[in-house]
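A.B. asks: fold the stuff below for me.
(chains A and B)
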Amino acid sequence: MSETVVRFAPSPTGFLHIGGARTALFNWLYARHTGGKMRLRIEDTDRARSTQAAIDAILDGLAWLGLAWDGEPVFQFARVERHRAVVEEMLARGTAYRCYCTAEELEAMRARAAAEGRPPRYDGRWRDRDPAEAPAGVAPAIRLRAPQEGETVIEDAVQGRVTFPNADLDDLVLLRSDGTPTYMLAVVVDDHDMGVTDIIRGVDHLTNAARQVHIYQALGWDVPRMAHIPLIHGPDGTKLSKRHGALGVEAYREMGYLPAALRNYLVRLGWSHGDQEIFSADEMIALFDLDHVGRSAARFDFAKLENLNGQYIRAAADADLLADFRVALPYLPGGAAAKAKLDAGLWEAFAAALPGLKERAKTLIDLLDGASFLLADRPLQLDGRAEALLTDEAKARLRALAGDLAGLSEWNAEAAEAVVRRFAEQEGVKLGQVAQPLRAAVTGRAVSPPIFDVLAILGRQESLARIADRAG
RNA sequence: GCGCCCAUCGUCUAGCGGUCCAGGACGUUGCCCUUUCACGGCAAAAACACGGGUUCGAGUCCCGUUGGGCGCGCCA
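C.D. replies: A predicted model of the protein is given here:
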């Protein structure tokens, strides 16, 4: 038994979307589980739509998710000569033929089929026609001489045995009239040349799989094992679109999700291991198998992702979480500004506050928000509503409190709390409303956010309003 | 239209003929904890799409219906 080789083969026409990320994850898990390799192939044969930016986004997305591939990425376009050579061979052996149909002709063919209620398929008009009849000035496309009768069977690792009537699969184009290879041809040749043993991809490729089998057969090559995994749909069950979660993985990074949490969420979309919900990377690798991949499409659910992310944040060791946060910070909204402001002292303060902060954070953005009292400009300003609500006397009382806090010779949670407790009693507000932010901030370290700051920055307008009421 | 696939709580799913008056998780609701929020604890509501078979017995097997998805390019 030779080593397993899988591949992830995105086309660089956009970012790495969530479905692609899961396909990559499944491939990666399968490779790691079997001790094999995952290769990366960039399917850039569509020159017009392929961009370097998309290639970068895909590579970056995979790296962020921690899905490392083996060896150098293969760029499909660089292999055109090989693809052409294979087609030449097929031509010579009669498993492919030249088709002189024009685009208009094909268009008419499809239109007629639609009008007559027939499936839109190439009718094979050049299949057995004498090349001598070729019209002058028309560059031919090369088509596969596909079997017209019988059926093609795919033994799929997740879909089971799937049978296609060959009558429904027409003679696909292998080489375009401009001499460039099509996706169908390139995939087969590249998978073969790269030694791919297992193809794991979305079910949207299932029909393609049958046609590709025809190419393998025409070439006399072994067909790799295949596993077509179900697609991910939007929350409403329809195809994932922009307004759902069809964002690039970098968008999830910007929303403050941890790659480990996203991975965990993704692996449970379609795959399960009994009732287990949380999997470390090592566990996933050890337990992942194609047998337990379901066949029905899953809907993307942000609420569950968020919950999972919160669990990961809470469970993370402080040092690890701090490291993750530092790495992610530049990508978070307002993160760049925060990063610029965080000097060594503030980082220390942040690290001190982290144990308290992470208990109530579901995303890294929540963590950043929670630390806003550390980052706000001094002296602090009350927000407009509070400014309007508070009487001068109330403001003075708040400032006095701030003074009391700032004046504490030894700053710690108990001392601060004592001051705050007195204030709370005076003002008739609940201690928890002011003490909790303090506790989160202080946690015994030399951080001193005066309560004035805390109230103003956290924008607790309802508290301020209540204080204002009491004050006059 | 034709082909292929899918169908268990709102969502992700467990279930591979009896141990399922269907289990877990998210979400929702209630209670507890908490002098805010969150976390945590407890509890509740919530599903085998429908109809036929097969079988002593079906969520589990077969067929059909309905609903949904994917594919049908000289795109990938």
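
A.B. asks: pLDDT score for residue A:300?
C.D. replies: Listed pLDDT for residue A:300 reads 93.

A.B. asks: tell me which residues of the one helix or strand residue A:326 maps to are tucked away?
C.D. replies: Element membership of residue A:326, judged by DSSP states H and E, is helix A:318-328. Going by neighbour count (16 or more other CB atoms under 10 Å), the buried part of helix A:318-328 is A:321, A:322, A:324, A:325, A:328. Backbone N, C-alpha and C define where each C-beta goes, glycine included.

A.B. asks: quick check, nearest of those to residue A:189?
C.D. replies: Nearest to residue A:189 among the buried residues of helix A:318-328 is residue A:328, at 40.2 Å by CB to CB.

A.B. asks: quick one: contacts for that closest one?
C.D. replies: Residues near residue A:328 by CB atoms under 8 Å, 6 or more residues apart in numbering: A:253, A:256, A:258, A:335, A:364.

A.B. asks: the stretch 251-400 of chain A: strands as residue ranges?
C.D. replies: A:298-299 (DSSP state E, counting those that start in this stretch).

A.B. asks: quick one: name the residues of it near RNA strand B.
C.D. replies: In this structure, the stretch 251-400 of chain A approaches RNA strand B at residues A:268-270, A:272, A:274-275, A:277, A:292, A:294-299, A:301, A:303-304, A:306-307, A:310-311, A:314, A:359-360, judged by CB under 7 Å from any atom of the strand.

A.B. asks: show me where pLDDT drops low in the stretch 151-300 of chain A?
C.D. replies: Scanning the stretch 151-300 of chain A for pLDDT under 70 picks out A:241-246.

A.B. asks: what about 90?
C.D. replies: Applying pLDDT under 90 to the stretch 151-300 of chain A picks out residues A:167-168, A:170, A:234-248.

A.B. asks: likewise for the stretch 1-150 of chain A?
C.D. replies: A:1-2, A:13-15, A:45-49, A:100-139, A:148-149.

A.B. asks: what about the strands in it?
C.D. replies: Going by DSSP E, counting those that start in this stretch, the stretch 1-150 of chain A shows strands at A:5-8, A:37-42, A:74-75, A:96-99, A:141-144.

A.B. asks: please name the residues that touch residue A:277.
C.D. replies: When the contact criterion is CB under 8 Å, 6+ apart, the partners of residue A:277 are A:268, A:308.

A.B. asks: whoops, I mixed them up, residue A:365
C.D. replies: With contact set as CB under 8 Å, 6+ apart, residue A:365 has these partners: A:255, A:256, A:332, A:333.

A.B. asks: run the last query once more with 10 Å
C.D. replies: Going by CB atoms under 10 Å, 6 or more residues apart in numbering, residue A:365 touches A:254, A:255, A:256, A:257, A:328, A:332, A:333, A:334, A:335.

A.B. asks: for residue A:273, same thing?
C.D. replies: Going by CB under 10 Å, 6+ apart, the list of residues near residue A:273 reads A:267, A:279, A:283, A:284, A:286, A:287, A:288, A:289, A:292.

A.B. asks: swap in 8 Å and give it another go.
C.D. replies: Contacts of residue A:273 (CB under 8 Å, 6+ apart): A:279, A:287, A:292.

A.B. asks: try residue A:333
C.D. replies: Residue A:333 makes contact with A:254, A:365 under the criterion CB under 8 Å, 6+ apart.

A.B. asks: re the thing from before, and the residues of the stretch 251-400 of chain A next to RNA strand B, which are buried?
C.D. replies: The neighbour-count test (16+ other CB under 10 Å) applied to these identifies A:268, A:269, A:270, A:297, A:298, A:306, A:310 as buried.

A.B. asks: so what's residue A:254 up against?
C.D. replies: For residue A:254, the contact set (CB under 8 Å, 6+ apart) comprises A:331, A:332, A:333.

A.B. asks: show me which of these is closest to residue A:188.
C.D. replies: Comparing those against residue A:188 with CB to CB picks out residue A:331 as the nearest, at 38.4 Å.

A.B. asks: surely that closest one meets residue A:255?
C.D. replies: No. Between residue A:331 and residue A:255 there is no contact under CB atoms under 8 Å: 9.3 Å.

A.B. asks: may I have the helix holding residue A:326 exported as CSV, CA atoms only?
C.D. replies: This file holds the C-alpha atoms of helix A:318-328, laid out as CSV (Å, rounded to 0.1, in the frame of the first residue of the first chain):
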residue,chain,number,x,y,z
ASP,A,318,-3.4,33.2,29.6
ALA,A,319,0.0,33.2,27.9
ASP,A,320,-1.3,31.5,24.8
LEU,A,321,-4.3,33.7,24.6
LEU,A,322,-2.2,36.8,25.0
ALA,A,323,0.0,35.5,22.2
ASP,A,324,-3.0,34.8,19.9
PHE,A,325,-4.3,38.2,20.7
ARG,A,326,-1.1,40.0,19.9
VAL,A,327,-1.0,38.2,16.5
ALA,A,328,-4.6,38.9,15.7
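
A.B. asks: average pLDDT for it?
C.D. replies: Averaged across helix A:318-328, the pLDDT comes to 95.

A.B. asks: and among the strands of the stretch 1-150 of chain A, the most buried is which?
C.D. replies: Highest mean neighbour count of those: strand A:5-8, a mean of 25 (counted as mean count of other CB atoms under 10 Å).

A.B. asks: now the two most distant members of the contacts of residue A:328.
C.D. replies: Greatest spacing in the contacts of residue A:328, by CB to CB: A:258 and A:335 (14.8 Å).

A.B. asks: which of the two has more neighbours?
C.D. replies: Legend: neighbour count by other CB atoms under 10 Å for residue A:258 and residue A:335, higher for residue A:258 (23 against 18).

A.B. asks: what's the local residue count around the nearest residue to the more buried one once chain neighbours are set aside?
C.D. replies: With CB to CB, 6 or more residues apart in numbering as the criterion, residue A:258 has its nearest non-adjacent residue at 5.0 Å, and that residue is residue A:312. Number of residues near residue A:312 (other CB under 10 Å) recorded here: 22.

A.B. asks: which residues sit in contact with residue A:312?
C.D. replies: Taking CB under 8 Å, 6+ apart as the test, what residue A:312 contacts is A:258, A:260, A:261, A:264.

A.B. asks: what's the burial count for the third one?
C.D. replies: This means residue A:261. Residues lying near residue A:261 (other CB under 10 Å) number 24.

A.B. asks: need the contact list for it.
C.D. replies: Neighbouring residues of residue A:261 by CB under 8 Å, 6+ apart: A:305, A:308, A:309, A:311, A:312, A:313.

A.B. asks: reformat those as JSON lines; add pLDDT.
C.D. replies: JSON lines is the format used below for these (pLDDT from 0 to 100):
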{"residue": "A:305", "pLDDT": "96"}
{"residue": "A:308", "pLDDT": "97"}
{"residue": "A:309", "pLDDT": "97"}
{"residue": "A:311", "pLDDT": "96"}
{"residue": "A:312", "pLDDT": "97"}
{"residue": "A:313", "pLDDT": "96"}
